[in-house]
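> the following block contains a protein sequence and its predicted model.
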Amino acid sequence: MDKQLWIKIPGGLDKTLKRSILARCGELCDGVMVDPGDVHAAVEAGVAGILVEGSGGIQLLKPSRAGSRITGEPSEAETLGAVKVTVRGRGDELKALEYARTGVPMILVECPDWKVIPLENLIAEAHGGDSKLIAVAGSLGEAETALETLELGVDGVLLEASSPGDVESAAETLRPGRMRVSLVEGVVGRVEALGRGARVCVDTCDLLAPGMGCLVGSRSSGLFLVEAEVHENPHVEPRPFRVNAGPVSSYILAPGGRTQYLSELKAGGRILIVDREGCAKSSIIGRVKIEVRPLLLIEAVEGDETYKVILQNAETIRLVTPDGSKSVSELKPGDKVLLHREEGGRHFGAYVPGETIIER
């Protein structure tokens, strides 16, 4: 069952920043929690559900729609019930269960001390009822744990976000497949064997399917979809958890729209897994292996730009194409490959609007 993702937006943020966060929430989340003064902006952003916490408690607003245009103002919205329970002991659990018994639509459960056992008790006794148990999570890791507690997990999580990237990271991690990145077709213009260099294999904690891999490139503004080692061949076993991603200096797209150098990756970190359709999900890195191998330069043109990627020169390394994938050892000028275009100009992986940068 699809779990709910709610985002709490701090009231003290800049108004423009709050609007940009709300815009991403409208696309990727089930709802937001905002201050009373930000309700109208949330409605304008097209957010499906709005939680408002005031002196009288919590209101759950469901703005009405006509077609794709929102017609309901906050005062016209359907108002449903929501409560918040801070669980520090068994008495608080019983209070939450009483709300569930009476059918309160949404119960926000905050566990400031023990994080797992209280949720196990609530899930065991309230699962399947009319009320939705939404865990208030202090981090992405806490949110993941809450959604997997007692295997069934809570019905959703409420997580604070201070940037659009925070929202994207949460969606990529907690709602895999919901987040998408755009892919375009690039035409290969040059393939050239280089000398040796230090290349990076990224072993994830997932089993990847054909057409899935990582976005990697020599320029942060143009990243190639490098397929995981999923294909059978006569010489080595497939390694569907691995992406042979290229030299230590290449960029890789990480959750939240950030880039990282391959040299920065380590076990326990996260990368973004993308398939041919652009569906993206966050994946945990299990191991990073750096070895010296022969390398290959590949250039591809999209629009007026030429993008580059350096990969290991080996038959098992493949780029995803519009209708399959192709080994880098078989690529030739005129072949089409899938690219993701990003805004350039990065400072420690984060996009810096307006910064001039030249990458060759």
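Thanks, I have the structure now.

> residues of stretch 113-126 that come out buried?
For stretch 113-126, burial by neighbour count (16 or more other C-beta atoms under 10 Å) applies to 115, 118-119, 121-123, 126. The way it works is simple: take the backbone N, C-alpha and C, and place the C-beta from them, glycine included.

> oops, could you answer that again for stretch 218-235 instead?
Applying 16+ other C-beta under 10 Å to stretch 218-235 flags 218-230 as buried.

> and the helices in the chain?
15-28, 39-44, 90-101, 117-126, 140-148, 164-174 (DSSP state H).

> possible to save the buried residues of stretch 113-126 as a markdown table with pLDDT and distance to Val200?
A markdown table is the format used below for those (pLDDT from 0 to 100; distance: C-beta to C-beta, whole Å):
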| residue | pLDDT | distance to Val200 |
| --- | --- | --- |
| Lys115 | 90 | 34 |
| Pro118 | 94 | 41 |
| Leu119 | 95 | 38 |
| Asn121 | 94 | 44 |
| Leu122 | 95 | 43 |
| Ile123 | 94 | 40 |
| Ala126 | 91 | 46 |
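
> mind putting those residues into CSV with distance to Val320?
Below are the buried residues of stretch 113-126 laid out as CSV (distance: C-beta to C-beta, whole Å):
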residue, distance to Val320
Lys115, 39
Pro118, 44
Leu119, 39
Asn121, 45
Leu122, 43
Ile123, 39
Ala126, 44
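
> residues near the nearest residue to Ile134 once chain neighbours are set aside, how many?
Excluding the flanking residues, the one nearest Ile134 by C-beta to C-beta, 6 or more residues apart in numbering is Gly156, at 4.6 Å. If you count neighbours by other C-beta atoms under 10 Å, Gly156 ends up with 25.

> so what's Gly37 up against?
The contact partners of Gly37, taken as C-beta atoms under 8 Å, 6 or more residues apart in numbering, are Gly11.

> what's the spacing between it and Ile9?
Separation of Gly37 from Ile9 (C-beta to C-beta, to the nearest Å) stands at 11 Å.

> re earlier: wait, the residue nearest to Ile134 touches Ile7, no?
No. Using C-beta atoms under 8 Å as the test, Gly156 is too far from Ile7 to be in contact (11.0 Å).

> lowest-pLDDT helix or strand in the protein?
Lowest on mean pLDDT, DSSP states H and E among the helices and strands of the chain sits strand 69-70, with a mean of 45.

> and the residue sitting furthest away from the middle of the chain, how far from Gly165?
For the chain, the residue at maximal distance from the C-alpha centroid (C-alpha atoms, centre = their mean) is Gly91, at 36.5 Å. To Gly165, Gly91 is 39 Å away according to C-beta to C-beta.

> cool, Gly31 as well?
Look at Gly31 and Gly165: by C-beta to C-beta, they are 19 Å apart.

> neighbour count for the two, which is higher?
Set side by side, Gly31 and Gly165 show more neighbours around Gly31, with 24 against 18, by other C-beta under 10 Å.

> which residues does that one contact?
Per C-beta under 8 Å, 6+ apart, neighbours of Gly31: 4, 6-7, 25, 47-51.

> just give me the longest strand of this structure.
Counting residues, the longest strand found in the chain (DSSP state E) is strand 279-302.

> buried residues in that one?
279-283, 285, 288, 293, 295-296, 298-302.

> ok, these vs Arg270, which is closest?
Ser282 (5.0 Å; C-beta to C-beta).

> how about that closest one, what does it touch?
By C-beta under 8 Å, 6+ apart, the neighbours of Ser282 are 169, 172-173, 176, 255, 270-273.

> now, of the residues you listed, which are buried?
Buried among those (16+ other C-beta under 10 Å): 169, 172-173, 255, 270-273.

> out of these, which comes closest to Val248?
Out of those, the member with the shortest distance to Val248 (by C-beta to C-beta) is Ile271, at 14.8 Å.

> mind checking how far the closest one is from Leu265?
Distance, Ile271 to Leu265, using C-beta to C-beta: 7 Å.

> please apply the same query to Val47.
For Val47 relative to Leu265 (C-beta to C-beta), the value is 34 Å.
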